[in-house]
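K.L.:
only geometry, no sequence info:
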Ligand SMILES: [Zn+2]
Ligand SMILES: [Zn+2]
Ligand SMILES: [Zn+2]
């Protein structure tokens, strides 16, 4: 029942995104928005959802992690990889190879998205660099997708590419949350990086 509630929550978030996208398309059709403006609105709308990092199982938002990258969701108890968002299961037993704890650590050793391959522990700067990189990737992907959606077979036009570049450079100034307004308003739970496993390999 717990898992069903989470699936519903995930589904309703996806539905909200589709509704808002439809609203923007409708405004475009009615001539209330120019095509360029509508594309920008769509980009901002999607970024509000996609820039937020979430537990891959229950979609609960979290900000970041510190220390060990075997991250445990405080809401559903799932261990997951923050780099590739692979869910690794539940269970804290350090001596059980099938526990979420063990599977997640084993995964981190070989995760191709781990910026520090073979290690579990990242410094604050390394974690920040990873999330800055993730944000740039999300922005670029959304720009490409919105561009392709508005012009089948085409890509983002010059206006959209410029807009994407503006968003990426605003990341450096840390004013992304101001720009995006609602970003982060639904946070309220978080992750619990388990403390105290040995640093580096092992
Ligand atoms: Zn979760
Ligand atoms: Zn660990
Ligand atoms: Zn991974």
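P.N.:
Nice, thanks for sending it over. None of these values were measured; they are calculated from a predicted model. Ligands and ions are numbered 1, 2, ... in the order given.

K.L.:
shaky segments in the protein?
P.N.:
1, 150-155, 172-202 (pLDDT under 70).

K.L.:
residue nearest the centroid of it?
P.N.:
residue 53 (3.4 Å; CA atoms, centre = their mean).

K.L.:
the one helix or strand residue 39 maps to: what's the following helix or strand?
P.N.:
Using DSSP states H and E, the element containing residue 39 is helix 35-50. Counting by DSSP H and E, the next helix or strand C-terminal to helix 35-50 is strand 53-54.

K.L.:
does anything pack onto that following strand? Which helices or strands?
P.N.:
strand 61-62 (3 or more CB pairs under 8 Å, 6 or more residues apart in numbering; DSSP states H and E). Placement of C-beta: from N, CA and C, glycine included.

K.L.:
I'd like the next helix or strand past the strand it packs on.
P.N.:
strand 67-68.

K.L.:
and that following strand, what other elements does it pack with?
P.N.:
Using 3+ CB pairs under 8 Å, 6+ apart: strand 67-68 touches strand 121-122.

K.L.:
strands paired with the strand it packs on, and their directions?
P.N.:
Here strand 121-122 has these sheet partners by DSSP bridges: strand 67-68 (antiparallel).

K.L.:
how about the partner strand and ligand 2, touching?
P.N.:
Yes: Strand 67-68 lies within reach of ligand 2 by CB under 5 Å from the ion, at residue 68.

K.L.:
what of stretch 103-118?
P.N.:
No: judged by CB under 5 Å from the ion, stretch 103-118 and ligand 2 are separated, with a smallest distance of 5.6 Å.

K.L.:
endpoint to endpoint, that stretch covers what distance?
P.N.:
14 Å (CA to CA, to the nearest Å).

K.L.:
how about it: buried residues?
P.N.:
Residues 103-105, 107-108, 111, 114 are the ones in stretch 103-118 that count as buried (16 or more other CB atoms under 10 Å).

K.L.:
turn the residues you listed into CSV, columns for distance to residue 24 and secondary structure.
P.N.:
Listed next are the buried residues of stretch 103-118 as CSV, based on distance: CB to CB, whole Å; DSSP: H, G, I helix; E, B strand; the rest coil:
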residue, distance to residue 24, secondary structure
103, 41, helix
104, 38, helix
105, 43, helix
107, 38, helix
108, 39, helix
111, 36, coil
114, 37, coil
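
K.L.:
now, the most widely separated pair of those?
P.N.:
103 and 114 (14.8 Å; CB to CB).

K.L.:
which element, helix or strand, includes residue 3?
P.N.:
Per DSSP H and E: residue 3 is located in helix 2-29.

K.L.:
let me know the closest of the buried residues of stretch 103-118 to residue 78.
P.N.:
residue 104 (9.1 Å).

K.L.:
isn't that closest one up against residue 85?
P.N.:
No: using CB atoms under 8 Å, residue 104 is not in contact with residue 85, being 11.7 Å away.
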